[in-house]
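Asks: have a look; sequence and predicted model below, questions after that.
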Amino acid sequence: MTTSPAENPPDLVITALLAAYRERRTTPQAVLQQIYTRIAAVADYNIWITLLPLEHALAQASRLSDRDPASLPLYGIPFAIKDNIDLAQVTTTAACPAFAYIPEQSAYVVARLMDAGAIAIGKTNLDQFATGLVGTRSPYGACRNSFDPAYISGGSSSGSAVAVALGLASFALGTDTAGSGRIPAAFNNLIGLKPTCGRLSTRGVLPACRTIDCVSLLTLTAEDAALVCGVAQGFDVREPYSRRAGQPPRLADMASGTFRFGVPRAEQLQFFGNDEYARLFDAAVARMQQLGGERVPIDFAPFLETAQLLYQGPWVAERYVVAETLLRRDPDAVYPVTRQIIESGAKPRAADAFRAQYRLQELRRSTEPVWQQIDVLLTPTAGTTYRIAEEQADPLRLNTQLGTYTNFMNLLDLAAAAVPAGFTAAGLPFGVTLAGPAWSDFELLRLAARLQRFGAPRLGALPLPLGAAAEFDWESCTAANSPRAVALAVCGAHMQGLPLNHQLLERGAVLLERTVTAPDYRLYALPGGPPARPGLVRVPAAGAAIEVEVWSLPAAAVGSFIAGIPAPLAIGKITLADGRAVNGFLCEAYAVSEARDITKFAGWRAFQSG
């Protein structure tokens, strides 16, 4: 068994790699060559289900060659994709070959990341159908821990975590319904962001429990998680469970000042005999106090009861919906432990589902007062860890123990970030989780950045320096939810990937959504250029719905952006299809007399391609 990857890895921390590209100290092609050399050295960790050929990755990099590295927020950043998330024209298996299909389009978040310059390396191993917290339930082999291959890597986003920890990608996409992004982050010394459900669209993600699924992010640092989340987030009108971002709760200044953090009462903490993890959690509590936190013991009982609902209640029926056809046609195609869990989803009745919903609502109400007492909840991410042989000898009970501190999060609509918090005497990582109300994601990451610098001398399994974060631009990442941001609708050359989009990106703008206007507008191709420009004119009596993108632009950058807009264009109020009024590009009516009416195309992209 290989235990030490190739030496001298490239610095894959996203912020560091972007700086190296901008300063011409390296290129995406050179980084990819190093990564693929390292991949060959760790083949026995069972990380990949589909590894894209080096030539495919280099072809992605070549499309960036005529772009300024500063023009794309993820220029040349290599990333991995859990194999229940679609990448166009690459097989999605969910670790079940009999279920495999080839998607025509990439998942919404994958497309956003690649549009921002990220380079896909491949599809990673997982607990089959994202059902498990261990990383061993796969016909592609048990994915091994990056620190000790005798131990579990954590699941279900196992391959994604180990790929980042071993320096094969700067970040990876996972999913997280019950802890599948946080558990492998903790076991591999990573940041694991479980965003607010609906912040990142799940379109193109094979469901586990569709009503509470979310895409998770596995990164080396909290700043990297914020950067990727800022790019990947956005309301997706085509995904019913996508949500328009809400305002973050009014939390204390966890980034620099004092705050209150909740900790389960001592008798409610469970470490399952792991005294090392208990010691490390006490140390993490002490560090939180050093950071300005006031420790507040809370009653953890309703959180624990909520956690039990996820697998002991009717939500497992959602997993059965996904695999039902295959289970009826070829039950032996499903991994035995996974089949046992999913088949139980056929048993709950509609009455059981409603009873569980009633109880969940009661538990939600009983946890609400906690957030009046605290700003953030601190728990272990997992109470213990196991060797692969131990887990495989008792898979259901040990997996259930691993979910003690994770299973309740999505049912209670919380955001969470798993954070490295030290090592056992044997050199295995330990992690804690910071949790808060919905839409507190970025505030949690700001606190995670401070905590990480206390507790983790390494990033992933690599001896890389953690570096300072004083200059990190948190405002640009959080622009979509900042009260100091302005929503701006664009309909032409400022749209993503078009010639003037860099004017938004350079000002820290974040794409919120793609949508259409109310059916009250006409679109014209104005004379002049380059670049060619459209003119949007409101004509309620004879209009149509026109494609637009809505961007969140930091308020401080609005003035310089508007100053560069030439006549006859101007910024005014545009009405969207759902009745919202947002700022956006309009054209003075006099200018369209010599312009071409292109309303029939219903959008600038369609006009250019048609």
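Replies: Done, it's in. Numbering: from 1, shown residues only.
Asks: all helices of the stretch 251-400 of the chain, in order?
Replies: 275-290, 301-312, 316-329, 336-343, 350-367, 370-373, 388-393, 395-402 (DSSP state H, counting those that start in this stretch).
Asks: CA-only coordinates of the last one in PDB, if you can.
Replies: This points to helix 395-402. Extracted in PDB, the C-alpha atoms of helix 395-402 (Å, rounded to 0.1, in the frame of the first residue of the first chain):
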ATOM      1  CA  PRO A 395     -21.400  -1.600   9.100                       C
ATOM      2  CA  LEU A 396     -24.900  -0.400  10.200                       C
ATOM      3  CA  ARG A 397     -24.200   0.300  13.900                       C
ATOM      4  CA  LEU A 398     -20.900   2.100  13.300                       C
ATOM      5  CA  ASN A 399     -22.200   4.200  10.500                       C
ATOM      6  CA  THR A 400     -25.100   5.300  12.700                       C
ATOM      7  CA  GLN A 401     -22.700   6.400  15.300                       C
ATOM      8  CA  LEU A 402     -20.800   8.500  12.800                       C
END
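Asks: what is it packed up against?
Replies: helix 336-343, helix 388-393 (3 or more C-beta pairs under 8 Å, 6 or more residues apart in numbering; DSSP states H and E). All C-beta atoms are positioned from the backbone trio N, CA, C, and that covers glycine.
Asks: now do the buried residues in it.
Replies: Within helix 395-402, the residues scored as buried using 16 or more other C-beta atoms under 10 Å are 395, 398-399, 401-402.
Asks: just put those residues in TSV and tack on distance to Y590 and pLDDT.
Replies: What follows is the buried residues of helix 395-402, written out as TSV (distance: C-beta to C-beta, whole Å; pLDDT from 0 to 100):
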residue	distance to Y590	pLDDT
P395	72	96
L398	73	97
N399	68	96
Q401	71	97
L402	67	97
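Asks: now, among those, which is nearest to A186?
Replies: Nearest to A186 out of the buried residues of helix 395-402 is L402 (C-beta to C-beta; 9.6 Å).
Asks: roughly how far apart are that closest one and I152?
Replies: Noted for L402: a distance of 9 Å to I152, by C-beta to C-beta, to the nearest Å.
Asks: who touches both of those two?
Replies: Taking C-beta atoms under 8 Å, 6 or more residues apart in numbering as the criterion, L402 and I152 both touch V134.
Asks: give me the secondary structure label for R24.
Replies: Secondary structure for R24, judged by DSSP: H, G, I helix; E, B strand; the rest coil, is coil.
Asks: that one: neighbour count?
Replies: Counted with other C-beta atoms under 10 Å, the neighbours of R24 add up to 8.
Asks: what does E368 give?
Replies: Around E368 there are 12 residues (other C-beta under 10 Å).
Asks: repeat for P248
Replies: So P248, with other C-beta under 10 Å, has 21 neighbours.
Asks: check the one 4 residues further on too.
Replies: Other residues within reach of A252 by the criterion other C-beta under 10 Å amount to 18.
Asks: and for it, nearest residue in space, chain neighbours not counted?
Replies: Excluding its sequence neighbours, the residue lying closest to A252 (C-beta to C-beta, 6 or more residues apart in numbering) is F259, at 3.9 Å.
Asks: same thing with L12?
Replies: Closest residue in space to L12, ignoring its immediate chain neighbours: S170 at 4.4 Å, by C-beta to C-beta, 6+ apart.
Asks: that neighbour contacts L220, correct?
Replies: Yes. Contact criterion C-beta atoms under 8 Å: S170 and L220 qualify, at 7.2 Å.
Asks: overlap in contacts of these two?
Replies: By C-beta under 8 Å, 6+ apart, the residues touching both S170 and L220 are 12-14, 164.
Asks: which one of these sits in the busiest neighbourhood?
Replies: V164 (35 neighbours).
Asks: for that one, give me the pLDDT.
Replies: With respect to pLDDT, V164 scores 97.
Asks: again with R484
Replies: Value for R484, per-residue pLDDT: 57.
Asks: likewise for A435?
Replies: The per-residue pLDDT reported for A435 equals 98.
Asks: in a helix, that's where it is, yeah?
Replies: No. Using three-state DSSP, the assignment for A435 is strand, not a helix.
Asks: that one contacts M409, correct?
Replies: Yes. Using C-beta under 8 Å, A435 is in contact with M409, at 6.3 Å.
Asks: overlap of the contact sets of those two?
Replies: A416.
Asks: so between those two, which is more surrounded?
Replies: M409 (28 against 25).
Asks: contacting residues around the more buried one?
Replies: M409 neighbours (C-beta under 8 Å, 6+ apart): 179, 194, 416, 435.
Asks: what sits against P69?
Replies: By C-beta under 8 Å, 6+ apart, P69 lies in contact with 18, 21-22, 75-76.
Asks: what's the closest non-adjacent residue to it?
Replies: Closest residue to P69 apart from its sequence neighbours, by C-beta to C-beta, 6+ apart: Y21 at 4.0 Å.
Asks: quick one: the one you found is in a helix?
Replies: Yes. Y21: assigned to a helix according to three-state DSSP.
Asks: contacts only, for it.
Replies: 27-28, 69, 75-76.
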